[in-house]
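Q: generate coordinates for the sequence data below:
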Amino acid sequence: MRRFYHSSSLKLNTTIPLDDFAARHLAQVLRAKVGDKIILFNGDGFDYEAKIKHVDRRDVSVEILNQSANPNESKIRIHLFQALSSNEKMDLVVQKAVELGVQAITPIIASRSQMRLKDEKRDKKLQHWQQIAISACEQSGRAVIPEIYPVSLLTESIAQMDDAALNIMLDPEAKTQLNQLASMDTPSHINVLIGPEGGFSEDEIQLCQSKKVITLSLGPRILRTETAPIATLALLQYLFGDFV
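A: You can find the predicted model right below:
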């Protein structure tokens, strides 16, 4: 069954109108009919089976039939701190990071960041990225929507990191490699720092190391800023999460 996000609360045995986007997509794109069933979620961790009771070109109403716990959340909490990049690259990172199970994303500004958002554009961008996260949840079968936090300076993000977490910074020159992480106990919380196109500066790397952030190399090839988080998150899910 197709899955759709609903922005309001969902209760069993009630009939509700769907949000405009879901209603238009069902009515005009999927040509849904009365009696068709769909899955709704609103971020509370549950899936709700619903049956269409009314449909026209702009309005769709459904009856909530069943509620079930969604089992698709990763057992490890991963917070991605991603250096800002161009619009298309950042959109891709948010989408794929959500598909790969992150619980939170913070866009960061490092000393070599070429992309910097003006204050008046930041709220609009956050809303845009949050909508991408919602769409990625629809596609990937998640029922908890990752939080997209406001843009932060790298130094501010480091100061907020929990020493009890596994804190990782990607650096192609790092001595620590992936197989060394494999010998660690499974962490409950992982923070991942991904740098901008020019990478982190030496001062930033030293600062992170002083805060017990592990600098990690994934191998001999230098990955693009939009490739690095995808590779890193997939590997972490394989080592500690639910990739088997």
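
Q: could you find the closest non-adjacent residue to residue 163?
A: Sequence neighbours aside, residue 212 is the residue nearest to residue 163 in space, at 6.2 Å (criterion: C-beta to C-beta, 6 or more residues apart in numbering). Where C-beta positions appear, they are placed from N, C-alpha and C, glycine not excepted.

Q: for the residue nearest in space to the middle of the chain, give me its contacts.
A: Taking C-alpha atoms, centre = their mean, the centroid of the chain lies closest to residue 98, which sits 3.0 Å from it. Contacts for residue 98 (C-beta atoms under 8 Å, 6 or more residues apart in numbering) come out as 105, 132, 133, 136, 137, 140, 142, 146.

Q: for the residue nearest to residue 163, what are phi and psi?
A: phi 70, psi 30 (degrees, to the nearest 10).

Q: list just the nearest of the contacts of residue 98 to residue 178.
A: The shortest approach to residue 178 among these belongs to residue 105, at 21.9 Å (C-beta to C-beta).

Q: on the strand side of things, show who the closest one bridges to.
A: residue 80, residue 148 (DSSP bridges).

Q: now do residue 66
A: residue 49.

Q: what's around it, how many residues?
A: With neighbours defined by other C-beta atoms under 10 Å, the count for residue 66 comes to 14.

Q: numbering from 57 from now on, please.
A: Happy to do that; since the first residue is 57 now, the last one works out to residue 122.

Q: go ahead and confirm it touches residue 68.
A: Yes. Residue 122 is within contact range of residue 68, at 7.4 Å (criterion: C-beta atoms under 8 Å).

Q: and the helices in this structure, which stretches?
A: Along the chain, counting by DSSP state H, helices occupy 76-80, 143-155, 175-196, 210-216, 234-237, 258-266, 284-296.

Q: and the shortest one, what's buried?
A: In terms of neighbour count (16 or more other C-beta atoms under 10 Å), helix 234-237 has its buried residues at 234, 237.

Q: next one: the longest one
A: If you call a residue buried by 16+ other C-beta under 10 Å, then helix 175-196 has these buried ones: 181, 182, 184, 185, 186, 188, 189, 190, 192, 193, 194.

Q: and the contacts of that helix?
A: Contacts for helix 175-196 (C-beta under 8 Å, 6+ apart): 59-61, 97, 128, 146-147, 150-152, 154-155, 161, 163, 173, 198-202, 204, 206-207.

Q: of the contacts of residue 154, which pair is most distant in space?
A: Taking C-beta to C-beta, no two of the contacts of residue 154 sit farther apart than 161 and 196, at 14.6 Å.

Q: number of nearby residues for the residue nearest to residue 169 when sequence neighbours are not counted?
A: Of all residues beyond its chain neighbours, the one nearest residue 169 is residue 252 (4.4 Å), with distances taken as C-beta to C-beta, 6+ apart. Using other C-beta under 10 Å, residue 252 is surrounded by 21 other residues.
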